[in-house]
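# Using only what follows, build the 3D model:
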Amino acid sequence: MSNDEVQNQPAGPRPLHDLPVDIAIRLRWVLRDIRAGRIKLLAPSRDDLTLLAERGLISVASDDFVLTDAAHLEIGSPA
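Numbers count the residues shown, from 1 in each chain. I've put the predicted structure just below:
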């Protein structure tokens with residue numbers, strides 16, 4: 001890695017890094033679906049939403065799911 005690549009890496013803990021790869025990928029897609037407003041079309045499982053909330057990646061506001069700053073870092077989108 002070059003110095004520029006190292007500097008562009010997000011700092012801090014990665015909330016999904018300790019999960020099996022297939023589960024982490026699925027949860028990242030759930031986060032992307034929430035960000036894009038597709039949650040009503042592609043309803044994620046209650047277990048996935050619970051896991052994301054426990055890891056501090058989503059919160060509930062006005063009956064809608066909201067991505068936290070940690071979630072934006074996890075999926076590489078601006079907060």
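# Bridging across strands, which residues link to F65?
V60 (DSSP bridges).
# Give me the distance between it and S59.
7 Å (C-beta to C-beta, to the nearest Å). Any C-beta I mention is one placed from the backbone N, CA and C, and that applies to glycine too.
# Quick check, central residue of the chain?
Central residue of the chain (C-alpha atoms, centre = their mean): A71, 3.8 Å from the mean position.
# neighbour-wise, which of F65 and S59 wins?
F65 (20 against 13; other C-beta atoms under 10 Å).
# quick one: contacts for the more buried one?
34, 39, 49, 58-59 (C-beta atoms under 8 Å, 6 or more residues apart in numbering).
# Show me where this structure has its helices.
Using DSSP state H, the helices of the chain run over 3-7, 21-36, 46-54, 69-75.
# so which of those helices comes closest to P15?
With C-beta to C-beta as the criterion, P15 lies closest to helix 69-75 of those, at 5.8 Å.
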